[in-house]
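*Asks:* Give me the fold of what follows.
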Amino acid sequence: GNATTKNLVVDPFCFRQFSEKESSKGYAGAVFNISIERFEEIVNSCYDSTDLQSGYAPFCKHIFLANDFSDARLNVLPITSQNEHALRTKYEARNERELPVLTRYFDKELLLKDGKEESEVFPVAKYLDLILYSREQIEKENAAMGKKKEYGEVEKKAPWGIVSIKAQDVDREHPMTPITAMRNALGKDQGGSGVELVRESYMEAYEYWKDHANVL
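*Replies:* Model prediction:
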């Protein structure tokens, strides 16, 4: 598209993923060294509405792009005999309602011990998963939060806002961890969402996560 219309804009919620913004300091996920403006230019030039993939709700979509333009690094790694010493476990709940469950993760400091560089330990992602919310949903959520966001004309016209960017080694959504799926199947009173457990997708998640772990 030309300069005045964009299909995709980086939503302020996602600013913490760009090093030009102060809020990126201490953010654990992927942080980009290129400017937001340049990032928008690149992703809009690759945009094709037939690439939109369904997300967890009708207002949420994903676009998977080959990452040939950034140095965003993975924060999920395959477990190997070289790095398994850095695996740790803890009981964790994301809020008061959830039951704490046992999780495992790589301890980033242990992975980088002995003066290893991040570039040695964390490969550059092959793909980026852009998580998009519809303009209507973003406006609803901002109104609900009482946020008066000042969006420019270009932003207001863009049908999709990028709310999160994940650096990945595959061009599809990572399955949620098996324990998350199991916890979601609990009733709302236990912090679940009452979503029925589908054995097939649970086993898919198991196949992936038995050999991978997040870096914290």
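
*Asks:* and the residue nearest the centre of the chain, bridged to which residues?
*Replies:* The centre of the chain sits closest to K166, judged by CA atoms, centre = their mean, with a distance of 3.7 Å. Residues in a beta bridge with K166, per DSSP bridges, are D129.

*Asks:* I131 versus S201, what's the distance?
*Replies:* 19 Å (CB to CB, to the nearest Å). The way it works is simple: take the backbone N, C-alpha and C, and place the C-beta from them, glycine included.

*Asks:* These two: which is more packed in?
*Replies:* Per other CB atoms under 10 Å, whichever of S201 and I131 has more neighbours is I131, with 19 against 13.

*Asks:* State the distance from the residue nearest to that one when sequence neighbours are not counted to C60.
*Replies:* Using CB to CB, 6 or more residues apart in numbering and skipping the chain neighbours, the partner closest in space to I131 is S164 (4.2 Å). As for S164, its distance to C60 is 10 Å (criterion: CB to CB).

*Asks:* ok, now D68?
*Replies:* Taken as CB to CB, the span from D68 to C60 is 25 Å.

*Asks:* One more: A72?
*Replies:* From A72 to C60 the distance is 21 Å (CB to CB).

*Asks:* what about the two, which has more around it?
*Replies:* It is A72, of A72 and C60, that has more neighbours when counted by other CB under 10 Å, with 23 against 15.

*Asks:* So which bits of stretch 17-25 are buried?
*Replies:* For stretch 17-25, burial by neighbour count (16 or more other CB atoms under 10 Å) applies to 17-18, 24.

*Asks:* Reformat those into TSV and put pLDDT next to each item.
*Replies:* Formatted as TSV, those follow (pLDDT from 0 to 100):
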residue	pLDDT
Q17	96
F18	97
S24	93
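
*Asks:* and which of those residues is nearest G152?
*Replies:* Each of those was scored against G152 by CB to CB, and F18 proved nearest at 17.1 Å.

*Asks:* right, and that closest one touches F39 too?
*Replies:* Yes: under the criterion of CB atoms under 8 Å, F18 makes contact with F39 at 7.2 Å.

*Asks:* Now do the shared contacts for these two.
*Replies:* Common neighbours of F18 and F39 are listed as 10, 32 (criterion: CB atoms under 8 Å, 6 or more residues apart in numbering).

*Asks:* any weak-confidence spans in the chain?
*Replies:* The chain contains residues with pLDDT under 70 at 1-4, 148-150.

*Asks:* let's see 50
*Replies:* Residues of the chain that meet the criterion pLDDT under 50 lie in 1.

*Asks:* Just say helix, strand or coil for the residue nearest to D171 when sequence neighbours are not counted.
*Replies:* Leaving out its chain neighbours, the residue that sits closest to D171 by CB to CB, 6+ apart is F64, at 4.2 Å. Under DSSP: H, G, I helix; E, B strand; the rest coil, F64 falls in the strand class.

*Asks:* Mind listing the residues bridging to F64?
*Replies:* Taking DSSP bridges as the rule, F64 bridges to D129.
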